[in-house]
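Trainee: model this:
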Amino acid sequence: MPPRSDSGTDQFKFDLAAPPDWSFTAGDTIIGNLVRKTPIVTPEATITISLRGSAQIEYFHKSTKNPTYHDYWNLLDPAQQVLYKGPMHLAEGGDDTLSWPFSVDIPLSPIQSCTEGHQPDASFLPLEKGHREYQVLPGTFFAADTASNTRGFVEYFLIAHLNYKSKGRPESFRSIHRVNVRNPPEVASNRHMTNTLYQSNIIQSYRLLPRMENMSLSLTQKMQRFWNPSIVPKCQYTVSLAIPTVIQLNDSDPIPVQLEIKKRPENTSVNLHDTPTKFQVESVEMFIRSRTALSIPKKISKSSEPTVYWNETDLNLGQAFKDLEDPLCIMTTIETDAVHIGKIFQLVLRPTGLFSEDRRLSEDTQDITPDFTTYCIKINHVQRWEVNLNIAGESHKHVFWSDLKIATGL
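Mentor: Here you go, the predicted structure:
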């Protein structure tokens, strides 16, 4: 079945103390009231409440709307807590309401019995008796893929029942309230570590010469690049991009991204060695690709590998460059200092997207999910960076890929 939706009416519904968009974490306590606004008279009524949580995978065959495979991992104890038992009376014609306060604790880890009935090949985590020592309660999550006809999700919700008799007949009302649970706090000790990637390129143009950057080239000068390239000024350069191996969400420090451009003297015209060459950084773009893996048994998926699908998010870092009053330019010689992109723009990754100081760079970015592994779902990430340069009036793009861990933060 799909993730639960909120349900409840004036006859019986939840009223949480937390704001509607609030998120909890394992170990928190949920407080609020169950409320009834419609009249009732009964000598005995019972209200029960429980917190449910599960990780689920559904696989749909193309010819049916119902899942042909449903893997259900019950993460929390479904036992109900009796919140009230006794008479109930609310007269007609007034503005009064009945309410029953409650508090429910979110456990720190799944129940021991959640692995019962599951096979090792259907889990990313070991299933032996001490599994809770290395498994924490995963955060709320949902992903679906039409190509593989699968969906996987982690959901939590409060469920309450009101049962009583009216004129001798049993009456029952149910209310559900979804609970958004964050992944456990994680401070990455290696969040300042970077991985430096390199790319080299050669350009040839008379515009590389001093004071000739904006000159109009004659047809002869343009054709010499192909017919007689040895007489055309040449510059080989290397782009070095230091990018993070780990990004912590809501970090107090900016993302460590450094851009460095150096000339390579062995393949650069001698008359350009000591002459600074202007590299205009038109933009640096950042993309995050999330990898969702679902553990489906081989007999169902017909594959020994997990079902995997990707989703790429453009964090719109290029907008920060568009907003600059003057373009970012690097005057490059054989030795040039690195430019700290993360510090210049004070870049911070939050669950809602990439921020430059307090400004969100993209309004339509999907929520960023940190890395996590639970029994049937595993999430990790890859980062892609694009450095767009203009040299001597020509545009050049350099693309870099690297694995990335996204940590929850505090």
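
Trainee: list the contacts of stretch 77-90.
Mentor: 34, 36-50, 52, 96-98, 100, 102, 104, 107, 111, 160-161, 164 (Cβ atoms under 8 Å, 6 or more residues apart in numbering). In short, each C-beta sits where N, CA and C put it, glycine included.

Trainee: and those residues, which are buried?
Mentor: 34, 36-37, 40, 45-50, 52, 98, 100, 102, 104, 111, 160-161, 164 (16 or more other Cβ atoms under 10 Å).

Trainee: ok so, going back, restricted to helices, list the contacts of stretch 77-90.
Mentor: Judged by DSSP state H, helices contain none of the contacts of stretch 77-90.

Trainee: among those, which ones are in strands?
Mentor: Under the assignment DSSP state E, the contacts of stretch 77-90 contribute 34, 36, 40-50, 52, 98, 100, 102, 104, 160-161, 164 to strands.

Trainee: which residues touch T374?
Mentor: A55, W73, F124, L125, Q135, P138, V154.

Trainee: would you format the residues you listed as TSV with secondary structure, pLDDT and distance to L328 included?
Mentor: Converted to TSV, these look like this (DSSP: H, G, I helix; E, B strand; the rest coil; pLDDT from 0 to 100; distance: Cβ to Cβ, whole Å):
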residue	secondary structure	pLDDT	distance to L328
A55	strand	94	45
W73	strand	92	49
F124	coil	88	43
L125	coil	86	45
Q135	coil	75	46
P138	coil	91	40
V154	strand	95	42
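
Trainee: of the residues you listed, just say which sits nearest to I296.
Mentor: F124 (11.4 Å; Cβ to Cβ).

Trainee: in this structure the closest one contacts Y375, no?
Mentor: Yes - under the criterion of Cβ atoms under 8 Å, F124 makes contact with Y375 at 6.5 Å.

Trainee: so for the two, which residue has more residues nearby?
Mentor: Y375 (25 against 14; other Cβ atoms under 10 Å).

Trainee: mind checking how far that one is from I300?
Mentor: 16 Å (Cβ to Cβ, to the nearest Å).

Trainee: now swap in I391 and tell me
Mentor: Taking Cβ to Cβ, one finds I391 at 53 Å from I300.

Trainee: likewise F102?
Mentor: Taken as Cβ to Cβ, the span from F102 to I300 is 40 Å.

Trainee: with T332 instead?
Mentor: Applying Cβ to Cβ to T332 and I300 gives a distance of 56 Å.

Trainee: circling back: quick one: which of I391 and I300 has more around it?
Mentor: I391 (21 against 14).

Trainee: do you know how far the more buried one is from I176?
Mentor: 60 Å.

Trainee: can you check K13 too?
Mentor: Relative to I176, and taking Cβ to Cβ, K13 is found at 9 Å.

Trainee: check the offset of stretch 165-181 from the chain's centre.
Mentor: Put simply, stretch 165-181 sits 35 Å off its chain's centre (Cα atoms, centre = their mean, to the nearest Å).

Trainee: mind listing what's buried in that stretch?
Mentor: F173, S175, I176, H177, R178, V179, N180, V181.

Trainee: check contacts around the closest residue to T268 other than its chain neighbours.
Mentor: Nearest residue to T268, sequence neighbours excluded (Cβ to Cβ, 6 or more residues apart in numbering): C235, at 4.9 Å. Taking Cβ under 8 Å, 6+ apart, we find C235 in contact with I202, I203, Q204, L208, K263, T268, S269, L272, T277, I391.

Trainee: cutoff 6 Å now
Mentor: I203, L208, T268, L272, T277 (Cβ atoms under 6 Å, 6 or more residues apart in numbering).

Trainee: from the residues you listed, which single one is nearest R291?
Mentor: Distances from R291 to those, taken by Cβ to Cβ, are shortest for I203, at 35.7 Å.

Trainee: surely that closest one is within a helix?
Mentor: No - counting by DSSP: H, G, I helix; E, B strand; the rest coil, I203 is not part of a helix but strand.

Trainee: measure it to N74 for me?
Mentor: For I203 relative to N74 (Cβ to Cβ), the value is 61 Å.

Trainee: what's the answer for R350, then?
Mentor: In terms of Cβ to Cβ, R350 sits 32 Å off from N74.

Trainee: next: L16.
Mentor: Taking Cβ to Cβ, one finds L16 at 23 Å from N74.

Trainee: quick one: low-confidence parts of the stretch 151-300 of the chain?
Mentor: Where the stretch 151-300 of the chain drops to pLDDT under 70, the residues are 206, 210-231, 299.

Trainee: please enumerate the strands of it.
Mentor: For the stretch 151-300 of the chain, the strands defined by DSSP state E, counting those that start in this stretch cover 169-178, 194-204, 234-244, 246-248, 258-263, 277-294.
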